[in-house]
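Asks: here is my input; please provide its structure:
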Amino acid sequence: MSDPHPARAAQEKQDKRTFLQKVAEFIHPGPDSKEELIEALADAEDNDIIGPESRVMLEGVIRMADLTAGDVMVAAPRMDLINIDAPYEDILHLVIDTAHSRFPVYEGDRENIIGILLAKDLLKLQRAPDLNLRALLRPAALVPETKGLNDLLREFRGNRNHLAIVIDEFGRVAGLITIEDVLEQIVGDIEDEFDVVEDEGDIFGLADRTYRVSGDTSIERVNEAFGVKLDMSEEAEEHDFDTIGGLIAHEMGHVPKRGESVVLGGLNFVVLHTKGGAVRWFKVSPAEPDGGPA
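Replies: From the prediction side, this is the model:
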């Protein structure tokens, strides 16, 4: 005689929990929300079940489910774009100064993105100067602002794209997002060759007798290294900053953009590289008496 409830029998057969396990789960049920799950992860860390880095990553995975491309994208005004009609030397300087590996390319209007250029493909132009830059462009992937990061990461992995152009509800370019931006929601800030590595220095001398200075360098350290007196202690304390990047952002009155410069304490600070709304590197040189660069 056949079982009148085959589905129930199969379910009971697969349920290998012991009676004590079922009682324990009834008394202490699992988390019913993401907040409770995150609290459970914190308890697991306190009990040495998982390490702090594992907890941070797991929390990142959980929180990422609520984030969209619009939440973590680089906004359009801060995008580093290449003009298809720009001279090769100008393009090369942009690639070197920003140190990105991929660049959206536009024609005419910045809204008219016609493709993505890989920095390494510029080497092909050196070997064959007559090669048309358009032939090197890769198709630009477009995603809406509302695209969930989970789905976007799946697409990045599937189509091997590392950059996508984010489009708003009106079809205009809202910004760009990279696979690094998505992964940083899980593992935290991913350092690249332009990021500061702890205990490896924050001020570097360059071949042209200028210096590369990290935006995270303390004002005190800059004073000591260059023999200047950027005495902003009271103002810095009032505005809650103690780094040269914070000081310069305060002086400019806005988040500095690549290529902008300011003179402080007899030094000319030029923004070399920005990331996440903050300056990562300045190029520093003595300022001329009239306030210009040396």
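Asks: any idea how the chain splits into domains?
Replies: 19-64, 70-187, 203-286 (automatic domain parsing).
Asks: now the helices: where do they sit in the protein?
Replies: Counting by DSSP state H, the chain has helices at residues 6-14, 19-27, 34-46, 52-64, 69-72, 88-98, 122-127, 149-159, 179-187, 219-226, 233-239, 244-252.
Asks: which of these sits closest to V173?
Replies: Closest approach to V173 among the helices of the chain is made by helix 69-72 (12.3 Å; CB to CB). Every C-beta, even on glycine, is put in place using the N, C-alpha and C of the backbone.
Asks: elements contacting the closest one?
Replies: Judged by 3 or more CB pairs under 8 Å, 6 or more residues apart in numbering; DSSP states H and E, helix 69-72 is in contact with helix 149-159, strand 163-167, strand 173-178, helix 179-187.
Asks: tell me who's in contact with the residue nearest the centre of the chain.
Replies: Centroid check for the chain by CA atoms, centre = their mean gives D181 as the closest residue, at 4.6 Å. By CB atoms under 8 Å, 6 or more residues apart in numbering, the contact list for D181 reads 72-74.
Asks: pLDDT below threshold where in the stretch 1-150 of the chain?
Replies: Applying pLDDT under 70 to the stretch 1-150 of the chain flags residues 1-33.
Asks: how about a cut-off of 50?
Replies: Within the stretch 1-150 of the chain, the ranges that satisfy pLDDT under 50 run 10-13, 24, 27.
Asks: thought L149 was touching G70?
Replies: No: counting by CB atoms under 8 Å, L149 does not reach G70; the two are 10.2 Å apart.
Asks: which one's more surrounded, the two?
Replies: Using other CB atoms under 10 Å as the criterion, L149 and G70 rank with L149 on top: 23 against 18.
Asks: give me the number of residues near the residue nearest to T274 when sequence neighbours are not counted?
Replies: Nearest residue to T274 in three dimensions, chain neighbours excluded: R258, at 5.7 Å (CB to CB, 6 or more residues apart in numbering). Look at R258: counted by other CB under 10 Å, it has 16 neighbours.
Asks: confidence score at R258?
Replies: What the model reports as pLDDT for R258 is 79.
Asks: you'd agree it is up against V270?
Replies: No: with contact defined as CB under 8 Å, R258 does not reach V270; the gap is 9.1 Å.
Asks: look up how far D66 lies from L125.
Replies: 43 Å (CB to CB, to the nearest Å).
Asks: the two: which is more packed in?
Replies: When L125 and D66 are compared for neighbours, L125 comes out ahead with 17 against 11, by other CB under 10 Å.
Asks: how close does the more buried one get to L81?
Replies: 18 Å.
Asks: now distance to E288 too, for the helices of the chain, in TSV please.
Replies: Below are the helices of the chain laid out as TSV (distance: least, CB to CB, whole Å):
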stretch	distance to E288
helix 6-14	78
helix 19-27	74
helix 34-46	54
helix 52-64	47
helix 69-72	41
helix 88-98	22
helix 122-127	33
helix 149-159	47
helix 179-187	38
helix 219-226	16
helix 233-239	26
helix 244-252	18
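Asks: closest one to P104 among those helices?
Replies: Closest to P104 of the helices of the chain is helix 88-98 (CB to CB; 11.8 Å).
Asks: which strands and helices sit next to the closest one?
Replies: Helix 88-98 sits against helix 122-127, strand 267-275, with contacts defined as 3+ CB pairs under 8 Å, 6+ apart.
Asks: hey, C-alpha coordinates of the longest one in CSV?
Replies: Right, strand 267-275. The C-alpha trace of strand 267-275 is given here as CSV (Å, rounded to 0.1, in the frame of the first residue of the first chain):
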residue,chain,number,x,y,z
LEU,A,267,53.8,74.9,-0.7
ASN,A,268,51.7,74.2,-3.8
PHE,A,269,49.4,71.2,-3.3
VAL,A,270,48.1,69.6,-6.6
VAL,A,271,45.4,66.9,-6.3
LEU,A,272,46.8,63.8,-8.0
HIS,A,273,44.3,61.1,-7.1
THR,A,274,40.9,60.9,-5.4
LYS,A,275,38.9,57.9,-4.2
